Every structure is written in C-alpha cells, then in structure tokens.
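In: let's see this in three dimensions:
(chains A and B)
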There are 2 protein chains.
Amino acid sequence: MKENISVGLLGLGVVGSGVIQIINNHQEELVHQLGCSVSVGRVLVRDLEKARKKDIDPAVLTTSATDVIDDPNIDVIVEVMGGIEETRQYILKAFENGKHVITANKDLIALHGPELEDAAGKNNCDLYYEASVGGGIPLLRTLSDGLVSDRINQVMGIVNGTTNYIMTKMDKEGMPYDTALKQAQELGFAEADPTSDVEGLDAARKMVILARLAFLTDFDLEDVEVRGISNIALSDLEYGQKLGYVMKLIGFASFENEQVEVSVQPTFLAESHPLAGVENEFNAVYVNGEAVGETMFYGPGAGSLPTATAVMSDVVAVIKNMRLGVNGRRFIKPRFKKQLTPPTHSYSQYYVRLHVKDEVGAFANISQLFNEIGISFEKILQTPRKQQQELAEIILVTHKTSLDKFQKALGELENLNVVETVKSYYRVEGEIAQ
Amino acid sequence: MKENISVGLLGLGVVGSGVIQIINNHQEELVHQLGCSVSVGRVLVRDLEKARKKDIDPAVLTTSATDVIDDPNIDVIVEVMGGIEETRQYILKAFENGKHVITANKDLIALHGPELEDAAGKNNCDLYYEASVGGGIPLLRTLSDGLVSDRINQVMGIVNGTTNYIMTKMDKEGMPYDTALKQAQELGFAEADPTSDVEGLDAARKMVILARLAFLTDFDLEDVEVRGISNIALSDLEYGQKLGYVMKLIGFASFENEQVEVSVQPTFLAESHPLAGVENEFNAVYVNGEAVGETMFYGPGAGSLPTATAVMSDVVAVIKNMRLGVNGRRFIKPRFKKQLTPPTHSYSQYYVRLHVKDEVGAFANISQLFNEIGISFEKILQTPRKQQQELAEIILVTHKTSLDKFQKALGELENLNVVETVKSYYRVEGEIAQ
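Out: Sure, this is the predicted structure:
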C-alpha cells in the first residue's frame, strides 16, 4: 500500500490555495485517518510568476495541464480551475488515465454530471463534488449516506450567498437593490458581472445537482423554472413583513409519484420557517424526508477555506476508497427516469399584488374570478388609496392551489376591467404543518 | 457474498418498530444501495402477547436475549431496549460472537463508549450509534467524515427536545415552568419522571459523545458541568428579551490547546445566533471548525421514525463495511489524552441579576467590585424600584471574562453590603463575530 498519495491540482485560485493550506496544516490528522500521508504533486497555474509568490514549492508548478493529468505519480486530481468545455476534456482524460477526480465546479456537474459519472464508473474511478453545492456544508454526502434509508420528498434551499446577502440588506435595512448589489460587490460577495447569481442561474445549477442526488433521478438544467431577484420591489418586501413573511431566493425541488419539479424563484417564507432566519451570505438547505421529517443544514456557502474543506472531505473519501480498493462506485446511481411534474400537480400558495381601480364592486369582481377558478384566499390586505390616485392596492395570499389554476387566474386578472395591473406575484411557503 | 443480511433486534419499542417499518418499506432502496436484501431475523421482546399485536411475523419474537445474540444467522444487532448493565453485557457478548452492533443508547455510550469501542475493535466488529445524539440529524457521521480535514474547536447544541419545548413555551408564551412541563408530558415529549431531561443529564450524555467525536479526545460524563432548567424564573426570560437574548438549554463543548471543556447550562443567546430560532421539540447542533467556520445541523431530536432513520443509516453503513470487508475500524480513534480546561482559561460572557438596596452609591460599589477583579460590562439594566420595596433590581451583562474571575465576583457580591441577593446568573453567548 502506498505511503503517500500525491494530489494534482488544476487551478490555484482561492480554493486551490485553501486546499494546499489544509493539506500542509493537517498532515498529522490525515495520517491518523488514512494511514498514509497526502502531498501536492503538481499544480496547473495560468501565470507562473504570480503563482511563485504564493506559499508553495515552485517545482510543482506548471502551465501545462498534461503535466498534471498524465503524471503517473498522481492518483487524485482536484479541479478548481472552473470553466466547462476544456475542463470537461481534462477530466475525461484524467479518468482514462485512471485518476480520481474531485471538482468544485457546479456549472460543469450541472451540465455534464451524468456523462462524467459514466466515464468515472467505466474507468473504476471516483468523481466527487461535495464543494459544488453549499460550500463547506457537507450536504451531498449527507443526502447520499445519512438519509439512505429514507425517501426524500422535498429539498428547499438558500444556495446562493450573493443573492441572500442582497435580499437580507433589502429586507432588514430597506436598502434598494442596486445599493445592496454594489455593497455585495465591494465586499467580494458578488462578481463584477453578477448576472449568473442575481438571475438565479447559479442557484439553478446547484438545485439540479441536489435534485439528482436527493431523488436518484435524471434531471436537466433546462427543466428548472428560474426567476431572479433583480426586479424585486422594496414595497413587496414591506407588504410581506406585514403579512408575516420574509422573502428569500429559494431553490425548490420536490419529488412525488416519481415526478420531479425544480424551480428557483423569490419566495415568501413564513417567519417561523427554519430558512427564514438564514441571513447575509450564509446558505442553508432544508430537507424533508418521509421518515426523518424536517432537517436543515446551515453554513457558509462559499469562501476559500470552507470550500477547500469540502474538497478535502472528498480527497479523504477517495483515498479511503483507494485503500479499501472500492473506487468507481458512482456517487449517484439514478433509479428513476425523468418525469416532470405537470402544472396541474404542482401545488403552492401565492402572493399577488394588484393595482385596482377604486370602484364599487372591484374586489367582488376579483374574488369572483378566483372563486370561479377554484382558488381561495388565506390573507387579504387592502392598502389605503394614495392621495389623488384613483388606484387602490390589493394584496392577496391564496391557499394552496395548482400552478395551472394560478396561471389561469393571472391571465384573466390582466383582462379584468377593474384591474389596472398585476404588479407582482410570488410563491409563498407558509407555516409548516407540525 | 450473502444475498440477505439478517438483523436481530433487542427491544421492540417505538424505535424498534420504526426500524422494522423502514426495513419493510424500503427493501427496494436497500437492495439498490447494498446489493443485498435486509431482513429482521429475531426480535427480543418483554411481552410476547403485546408484541404479537404489532405488524410483525410472530415467529421471529422471543423473550430470550441469547436467542438473538447467539443466532448464527444474524450478522447485525440493533439495540433499542435501553438500560445500562444488562445491555452492556449483551453487547459485549454480541461482539464475542462476531456480530456488529448498532445502538441508540446514549446513556450506555456516554458511560461505557470507550470500553465498547475497544471490544468491537478487538473482534473486528462495528459499533455505531448515530441515533444516540440528535435523533434523525446525521450528526456523528457528519462530524467524523465530512469535517475530517478540519479542526473542530466548538460544538454548541440544543440536544434535548423536552427542555427546548418547555423553554420555548416559557419564553414565547410566558408559560410557567410547571405548566409547560405538564404540557410536554401530555404531548409525550417528557417522561413521567422528567429529572434526567430537565436537570440536563440527558443533554450532558449527548455532549460527552459529541465532544469525544468532535475533538478525538477522551472525556467522561463526570467532567461535564451541568445545570438544569427547573429553577429558571420567567422574569429572567423577560429581562433577557429586553436585552436581545433568548434562553436555551445549551450543551457547550470547546477544544483549545488540546484542553476540553464541556458544560450543559441554561444560556442566553443573542437573538441573531443560529441556535436562537430553534423552537419546540427540535434539536440543532452548531459546529465551529477552524477552516469551515460556522455550520449548523437542525432536525427532529427524537421520535420513532426519525430515530429509526438514524439507526438504519448505521445498518446501511455496517452492511456496506461487511461487503467491503472493512468492519472493525473504530468510529472514534482518540488522539488526545484528556486535559480539562482550567477555570482560568474558560471564557464567556455572563448575565447576573441582583437585588440591591436602594442606597446612594450602591451601583458604584458593585461596579468597583467588578472593576477590581477585572471584569467590565457590556450591558446594564436597572429596573425601577417596585413600590413600597427598598430593593432595586440590577441586571448586568459582562464582557468576556474567565470563569475563575466570574466565580470570584459572584462570591464577593454576596458579601457586599449593598447587595441583598444574587438572584440568578447565566452564561451568555453574544453576537458571533463575522
């Protein structure tokens, strides 16, 4: 049995540097747990000059990916370079060379996870990606191991720290969206181009990974319904507060009758919901299992060291598998064919804010419309008409209804004479039935 | 390789019945995950008549423990009968017979964990006890696997659902302790004799198990400082609210410079602390790792099916180990000799409520006393003197100080002329430095 396992890194950004730092600082623990030492054999970098300034042996640095992927002394590849197509090729080549791969690359896994899992399995290699969702929170392993004797029927999460930071600022301090985004950028929580975060795409990728794992089913990124946070009005957050809700960008995945539904959208949560108190850049994922009931996992969703910790937990798992000679058992073995939940079977509560002409019978017209479609209200809030305006504002929170009925109602509201505009509508997750 | 693994149960209470229910309902998933089926071979019960009424094949029932422990067809023993000495003997015998053991028995593990782990290891058997702490929350596995490349320096938890239910009722509804306890008993959250829960002993046992695992160190139950909740005054909860705190029964374990400290005591948490919002019978454990930072795990701390889920996750782990031929690697390998944190190095904030004579200079005397010991205040609340009373009430919240200094201050306060009584004092966990 080898006395040392050599790890190759593709990329030396903040996560890569964190991985090296943990390997160096935790040698004693690693030997204790694994019975062998772990070292960094080769590191692919973009810029040798820049990399030499880091606390790392310059002899291991290279600008050629093949130096890492083809090195016969390297057993485990840690991919922290990001990117899709080139990275995919590198990883496929690594599997051909019999190397195990750990990646933090959610975009790659969301898009090409099944293909890469197949390639890993064919070469008796491991592919792990704990760091791709929820940073330092050990979510994927918990879902695949801990809840193995349960059926998971719902996963709801705050899986993007950038948007949670922005929404916390908007909700708690009444800060406008643009200011909050700017502040997040200054603090390094948001990228210069924040599109992927604020439009919900980053969260959608993570939810695809979670849904595949939690429900053991195939699922593709294009099947996710996505709405971002860039159009949220502060007034909706205020009305939400009056009604006892907090708004969060929620990734929602449910599995019922072997049908899957995944969405990412701003959602009003009852203040008592365990996710409602998750603030700033923190992430949390709420899991509902048939037997276990409600559980929630909370932690830093990003950051150099937390993410590096997740990568290292995968490194440890791979090396344990190597020592046991059991690599190549897939992290996810899909059990169910993909079947999407039709809108007739997707149930939720909804919040709708309307601008309504201040006429006698206006509200009666609206409630008749909902009544005819078969939707009833849990809460109604009519705000005083603003001075010199002829419009009143009405906020409705429906009882649980199907998505198709709700969409029908939205369409008909726009055509209703007394309704000036449907200003906004959001999904609502109310009280949890205990 | 065996096509079926036979499990023997010691005990058929609510958890045992839950285990059988999961095995029956999840056969397909178990085969998918393990490549073999799982069946219930033999079940030790107290009362055959009563057991026959349950949904279980009467042929497997027995009132003799040796029928289960000595059955050569049984590979895995699930101990859900409770108790200490007799149970310990059964488990030791099971190991001698080469059987793996899963237990939900926190009392047994807190008292005899190290001895049982040794016996398991010597016989190449597994001993798992995920269900002993935090019910359905996969805590132990997460600590031992997920955070393996990190150093955990703090574990804080709400690990007793009974007391959390009572304290939630007291805090949220102003319900007196006795009424809340009675309600908890009526709902089945508290035992007829609630001593072990309300005096903090149950939580202490769980914290011992968590501390051993998180810090890889030896630790004994008698080293835990324990205070229960039965003497908490509603007025302290109200003052706490005014100061921005919520009181919880907190198990606290820290590891610094290879020194361990474990306590269970009612503690004021800042409202923003992730544990502050954990209500009713729910449990949550907050873990601080050097690299990962803050993480929290939340879920049902008890209940038939959640606990049975945790037991089943152990059953799956044991069977996976069997198929890999790697049983007998200990769950905990202690790395550090036990060294207790001395009171000079145990730091915290404290809340103190004093009844003080309403004299000129009273507060000056008190603050001089603290000042001389080297303790400063973060918050001071002086309540208006009650009519016709000569006593004023002063609430102090100290900055972080060592336990020995705080104990010195408490002692001297009692001797101070202007202080009538030290009505109460509690540990405070303030804002988390971000």
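In: need the next SSE after the strand or helix carrying A:S17, C-terminal direction.
Out: Using DSSP states H and E, A:S17 sits within helix A:14-25. Per DSSP H and E, the first helix or strand lying C-terminal to helix A:14-25 is helix A:27-34.
In: and the next helix or strand past that next one?
Out: strand A:37-44.
In: for the record, mean pLDDT for that next one?
Out: The pLDDT scores in strand A:37-44 average 96.
In: and for the residue of the stretch 301-434 of chain A found nearest chain B, the neighbour number?
Out: Closest residue of the stretch 301-434 of chain A to chain B, Cβ to the nearest Cβ: A:M312 (3.4 Å). All C-beta atoms are positioned from the backbone trio N, CA, C, and that covers glycine. Other residues near A:M312 come to 30 when the count uses other Cβ atoms under 10 Å in any protein chain shown.
In: one more: A:A392?
Out: 20.
In: show me the contacts for it.
Out: A:H355, A:V356, A:K357, A:D358, A:A362, A:Q382, A:T383, A:P384, A:R385 (Cβ atoms under 8 Å, 6 or more residues apart in numbering or on different chains).
In: and the helix or strand bottoming out on mean pLDDT in chain A, what does it pack against?
Out: Lowest mean confidence among the helices and strands of chain A (mean pLDDT, DSSP states H and E): helix A:27-34, at a mean of 82. Where contact means 3 or more Cβ pairs under 8 Å, 6 or more residues apart in numbering or on different chains; DSSP states H and E, helix A:27-34 is packed against strand A:37-44, helix A:304-324.
In: quick check: mean pLDDT of stretch A:414-434?
Out: Stretch A:414-434 shows a mean pLDDT of 86.
In: helix or strand right after the helix or strand hosting A:I77?
Out: For A:I77, the host element (DSSP H and E) is strand A:74-79. Using DSSP H and E, the helix or strand that follows strand A:74-79 in sequence is helix A:85-96.
In: so where is chain A shaky, pLDDT-wise?
Out: Counting by pLDDT under 70, chain A contains low-confidence ranges at A:1, A:146-148, A:330-332, A:385-389, A:432-434.
In: and it, what are its domain boundaries?
Out: A:4-135+A:304-324, A:139-300, A:343-429 (automatic domain parsing).
In: how long is the first one end to end?
Out: Okay, so that is domain A:4-135+A:304-324. The first and final residues of domain A:4-135+A:304-324 sit 15 Å from each other (Cα to Cα, to the nearest Å).
In: quick revisit: now distance to B:T401 too, for the domains of chain A, in a markdown table please.
Out: Listed next are those as a markdown table, based on distance: least, Cβ to Cβ, whole Å:
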| stretch | distance to B:T401 |
| --- | --- |
| domain A:4-135+A:304-324 | 30 |
| domain A:139-300 | 29 |
| domain A:343-429 | 43 |
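In: ok, back up a step: distance from the chain centre to the strand holding A:I77, please.
Out: Centroid displacement of strand A:74-79 relative to its chain, using Cα atoms, centre = their mean, to the nearest Å, is 25 Å.
In: where along the stretch 201-350 of chain A do the strands fall?
Out: A:225-226, A:245-256, A:259-270, A:282-289, A:293-300, A:347-357 (DSSP state E, counting those that start in this stretch).
In: surely A:R46 is in a helix?
Out: No. Assessed by DSSP: H, G, I helix; E, B strand; the rest coil, A:R46 does not belong to a helix; its assignment is coil.
In: that one and A:T63 touch, don't they?
Out: Yes. Assessed by Cβ atoms under 8 Å, A:R46 is found in contact with A:T63 at 7.0 Å.
In: other SSEs contacting the helix or strand that contains A:E115?
Out: Assigned by DSSP H and E, A:E115 belongs to helix A:106-122. The helices and strands touching helix A:106-122, judged by 3+ Cβ pairs under 8 Å, 6+ apart, are helix A:85-96, strand A:100-103, strand A:127-128, helix A:201-215.
In: again, only this time at 6 Å
Out: With contacts taken as 3 or more Cβ pairs under 6 Å, 6 or more residues apart in numbering or on different chains; DSSP states H and E, helix A:106-122 sits against helix A:85-96, strand A:127-128, helix A:201-215.
In: contact partners for A:K206?
Out: A:K106, A:V133, A:V159 (Cβ atoms under 6 Å, 6 or more residues apart in numbering or on different chains).
In: how far away is the residue nearest to the first one when sequence neighbours are not counted from A:M170?
Out: Ranked by Cβ to Cβ, 6 or more residues apart in numbering or on different chains and with sequence neighbours excluded, the top spatial neighbour of A:K106 is A:S132, at 3.9 Å. Between A:S132 and A:M170 the distance, using Cβ to Cβ, to the nearest Å, works out to 27 Å.
In: could you look up the SS state of the residue sitting furthest away from the middle of chain A?
Out: Relative to the C-alpha centroid of chain A, counting by Cα atoms, centre = their mean, A:V360 is the outermost residue, at 46.3 Å. Assigned with three-state DSSP, A:V360 falls in the coil class.
In: phi first, then psi, for it.
Out: Taking degrees, to the nearest 10, you get phi -60, psi 130 for the backbone angles of A:V360.
In: do the same with A:A184
Out: When read as degrees, to the nearest 10, the backbone of A:A184 gives phi -60, psi -40.
In: quick one: it and A:A190 touch, right?
Out: Yes. A:A184 lies in contact with A:A190 (Cβ atoms under 6 Å); the separation is 3.9 Å.
In: coming back round to it: neighbour-wise, which of A:S132 and A:M170 wins?
Out: Ranked by neighbour count (other Cβ under 10 Å), A:S132 and A:M170 place A:S132 first, with 26 against 22.
In: how close does that one sit to A:L30?
Out: From A:S132 across to A:L30, the span is 22 Å (Cβ to Cβ).
In: and if you look at A:G244?
Out: 48 Å.
In: so between those two, which is more surrounded?
Out: Ranked by neighbour count (other Cβ under 10 Å), A:G244 and A:L30 place A:L30 first, with 23 against 16.
In: skipping adjacent residues, who's closest to that one in space?
Out: Closest to A:L30 by Cβ to Cβ, 6+ apart is A:V38, at 5.0 Å.
In: check A:I380 too.
Out: Nearest one to A:I380, counting by Cβ to Cβ, 6+ apart, is A:L396 at 5.8 Å.
In: bridging residues for the one you found?
Out: Per DSSP bridges, the residues bridged to A:L396 are A:V352, A:I380.
In: mind listing what it touches?
Out: A:V352, A:F377, A:I380.
In: most tightly packed of the helices and strands packed on helix A:27-34?
Out: The highest average neighbour count among the helices and strands packed on helix A:27-34, using mean count of other Cβ atoms under 10 Å in any protein chain shown, belongs to helix A:304-324 at a mean of 24.
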